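> Predicted structure and sequence below. I'll ask about it afterward.
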Amino acid sequence: MRAGEALGWALAGLLLARAIWLAINPAGPLGAVQAPAAAALAGVAVDPFFPQAATPADAVSSLDLTLVGTRVDAASGRGSAIIATPDGQQQSFGSGDEIMPGVRLVAVAFDSVTLDRGGARETLYIDQSGPAPGGDGK
């Protein structure tokens, strides 16, 4: 009986020590790595291997292009977008592809893409000014 009681107290002591340790040094959910707060709030992708200097906000594109949809690949930082060109044809473009002469797709986000137009960065947004087609507007 004495050995069982001592083993119980030892186990209770270990559990108490573990609880105190977790209270002092909490672990994240499954040890997930958390991005710096400033970059996460700004929606900027953080790449520790190729750090980028802060750039000014891109101008809204005045090109006769329509962004139809995007596919963001967060794992590689690349993505693709379906863009309607001035002739009305929709095509899929990947990051780095040339959309028109002198216009290249640089980055893809959830609701916009960044274009390089002769060295100047421009942003093209999905038009979200009205209700979705086929929706009842509610």
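That came in fine, so what should we check first?
> And the helices in the chain?
Secondary structure of the chain (DSSP state H): helices at 2-24, 37-42.
> What about I82, how many residues nearby?
Look at I82: counted by other Cβ atoms under 10 Å, it has 14 neighbours. Where you see a C-beta, it was placed from the backbone N, CA and C, and this is true even at glycine.
> when you give positions from now on, start the count at 700
New numbering, starting at 700: the last item is I781.
> so who does it touch?
By Cβ atoms under 8 Å, 6 or more residues apart in numbering, the contact list for I781 reads 766-769, 789-792.
> distance of it from V802?
16 Å (Cβ to Cβ, to the nearest Å).
> Next: A780.
12 Å.
> In terms of neighbours, single out the busier of those two.
A780 (27 against 21).
> That one contacts V807, correct?
Yes. Between A780 and V807 there is a contact at 5.4 Å, judged by Cβ atoms under 8 Å.
> who touches both of these two?
Taking Cβ under 8 Å, 6+ apart as the criterion, A780 and V807 both touch 769-770.
> re earlier: and the helices of the chain: which comes nearest S761?
helix 736-741 (24.9 Å; Cβ to Cβ).
> how about the strands in this protein?
Taking DSSP state E to define them, one finds strands in the chain at 758-759, 765-772, 777-783, 789-793, 797-799, 802-807, 811-816, 819-824.
> Report how many residues lie close to A774.
6.
> before we move on, the earlier item: tabulate the strands of the chain in a markdown table, adding columns for distance to A716.
Below are the strands of the chain laid out as a markdown table (distance: least, Cβ to Cβ, whole Å):
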| stretch | distance to A716 |
| --- | --- |
| strand 758-759 | 58 |
| strand 765-772 | 45 |
| strand 777-783 | 47 |
| strand 789-793 | 54 |
| strand 797-799 | 61 |
| strand 802-807 | 49 |
| strand 811-816 | 51 |
| strand 819-824 | 54 |
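> could those strands go into CSV alongside distance to R701 and mean pLDDT?
Putting these into CSV (distance: least, Cβ to Cβ, whole Å; pLDDT from 0 to 100) gives the following:
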stretch, distance to R701, mean pLDDT
strand 758-759, 80, 83
strand 765-772, 63, 89
strand 777-783, 67, 89
strand 789-793, 73, 92
strand 797-799, 81, 90
strand 802-807, 69, 90
strand 811-816, 72, 90
strand 819-824, 75, 89
